[in-house]
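Visitor: sharing a model that was predicted from the sequence below.
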Amino acid sequence: MSLRVRNHSEPVPTNAGESLDLLLGKVLDCVSHERDSAAKLRILLGTVKQHVLELAKERSYQTGITPLYLYPYRKELKELEHRYTVQKSGLGKLKGNMLLLLAMVFYRAGSLSRAMKMASQARGQFDQAGNVHNSGLAELLVTVCLMERNQLEQAALHCALSLKQLSVCTNATDAAQGWQIYSRVLYKQGKLDESIAALLMAYEIYRKEKSADGQIKALLAMTLVLISQKDWHGAIFRLKQALAACHEYRLPVLELEVLNLLTHLFLKTGQTVLMEGCQQRIREISEGIRH
C-alpha cells in the first residue's frame, strides 16, 4: 500500500501526538479506499474516521488519561471490532491495516494498553507481508503509547526500530516525523542535547524535501529545547533561521509565532531595539491578516 506524499500546505506536527495524527491519518485514508474491502466496511471506516478525527481535536497528549474519552466512541468501536472479527478471514492484506486502525481508535480513546496490543498485532501482519513502512508506523504508535505511560526506555527502543524501518522507505517526511517523536522521547528522558540532535535530523530531511513548514516547525521545536537549557543565543540563532524561511516562503502565521518568541528572547537578553523591531513587524502582519 502506497501512501500519498504530504502536501507542503498540510500542518506539520509540533509534538508526538500530532506527528502520529498525520501519519496514521494517511493509513486511515488508504484503508477506507482499498478496492478489495467490502462496501459496508468502507462505510463503517468512513464513520469511524470522522469520530477519530473529532476525538483527535479534543485528545490531550498528556500522561493522565481519562477513561471518559472512550465513552462517546464505544458504539463505533464495538461495531468495528465485531466487523473485524467476522470478516478477518477474508480481509487479506487489509488485516494489518484494520488492526492498525483499531489501535488508532483505542489510542484516541485513551485506552493505551489495548492500543499497544492492536498495534503489535498489526506490526506482525505487516512484517509477514514485508510492508516495512506500515510496520514502522505501528512501531511509532507503540512508541507514543509507551511515552504517555512514562515507559521511556522502552519507548526509545521502539522508536529506534521504527526509524530504522522508515528510513529505508520512499516517503522521507514520514521518517522526519519519526525523528520528531524520538526527540520528544529524549526530551522527556532529560537528554536535551540528543533531543536537539534528533530535531536536526528531522530538519535536514525537511530541508532536502523542500518542506518549508517542516523546516520551521523543527526549528521552533529546537528553540523550545534550547530555551529550557537557558541557551538564549542558541535559541535566537534558530529563530533567525526560521524567520528567514518564513520570509522566503511567505508564511505569515508561522512568522508571527517566530516573532513572538524572538520578542521574548530579545527582551531576555536586553536587545531592546531588536525587540521593538519585532513588535512593529508583529503589528504589520496582524493588520495584514485581519484584512
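Guide: Received it, and whenever you're ready, just let me know what you need.

Visitor: only C-alpha atoms from now on, for both contacts and neighbour counts.
Guide: OK.

Visitor: how near is residue 167 to residue 209?
Guide: Going from residue 167 to residue 209 by Cα to Cα, to the nearest Å gives 14 Å.

Visitor: more neighbours, those two?
Guide: Remark: of residue 167 and residue 209, residue 167 carries more neighbours, 18 against 15, as counted by other Cα atoms under 10 Å.

Visitor: wait, isn't the more buried one in contact with residue 173?
Guide: No. Using Cα atoms under 8 Å, residue 167 is not in contact with residue 173; the gap is 9.6 Å.

Visitor: low-confidence regions, the chain specifically.
Guide: Applying pLDDT under 70 to the chain flags the ranges 1-94, 109, 291.

Visitor: what sits up against the helix or strand encompassing residue 159?
Guide: In this structure, residue 159 sits in helix 152-166 according to DSSP states H and E. Here helix 152-166 makes contact (Cα atoms under 8 Å, 6 or more residues apart in numbering) with 132-133, 135-137, 139-140, 142-147, 172, 174-175, 178-179, 181-182, 185-186, 188-189.

Visitor: same question for stretch 263-273.
Guide: For stretch 263-273, contacts defined as Cα under 8 Å, 6+ apart pick out 232, 236, 274, 275, 276, 278, 279.

Visitor: now with 6 Å?
Guide: For stretch 263-273, contacts defined as Cα atoms under 6 Å, 6 or more residues apart in numbering pick out 275, 278.

Visitor: same check on stretch 113-125?
Guide: 96, 99, 100, 103, 106, 107, 135, 138, 142.

Visitor: can you name the residues that contact the second one?
Guide: Residue 99 makes contact with 118, 122, according to Cα under 6 Å, 6+ apart.

Visitor: for the stretch 151-291 of the chain, which segments count as helices?
Guide: Assigned by DSSP state H, counting those that start in this stretch, the stretch 151-291 of the chain shows helices spanning 152-166, 172-188, 192-208, 212-228, 232-249, 252-268, 272-290.

Visitor: mean neighbour count, those: which tops it?
Guide: Greatest average neighbour count among the helices of the stretch 151-291 of the chain goes to helix 172-188 (a mean of 26), per mean count of other Cα atoms under 10 Å.

Visitor: what are the C-alpha coordinates of it, in PDB please?
Guide: Taking C-alpha atoms only, helix 172-188 is exported to PDB below (Å, rounded to 0.1, in the frame of the first residue of the first chain):
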ATOM      1  CA  ALA A 172      11.200  10.800   3.600                       C
ATOM      2  CA  THR A 173       8.900  13.100   5.500                       C
ATOM      3  CA  ASP A 174       7.400  10.200   7.400                       C
ATOM      4  CA  ALA A 175      10.900   9.500   8.800                       C
ATOM      5  CA  ALA A 176      11.200  13.200   9.700                       C
ATOM      6  CA  GLN A 177       8.100  12.900  11.800                       C
ATOM      7  CA  GLY A 178       9.500   9.800  13.400                       C
ATOM      8  CA  TRP A 179      12.600  11.800  14.400                       C
ATOM      9  CA  GLN A 180      10.300  14.400  15.900                       C
ATOM     10  CA  ILE A 181       8.700  11.800  18.000                       C
ATOM     11  CA  TYR A 182      12.100  10.400  19.000                       C
ATOM     12  CA  SER A 183      13.100  13.900  20.000                       C
ATOM     13  CA  ARG A 184      10.100  14.100  22.400                       C
ATOM     14  CA  VAL A 185      11.100  10.800  24.000                       C
ATOM     15  CA  LEU A 186      14.600  12.000  24.500                       C
ATOM     16  CA  TYR A 187      13.400  15.300  25.900                       C
ATOM     17  CA  LYS A 188      11.200  13.500  28.500                       C
END
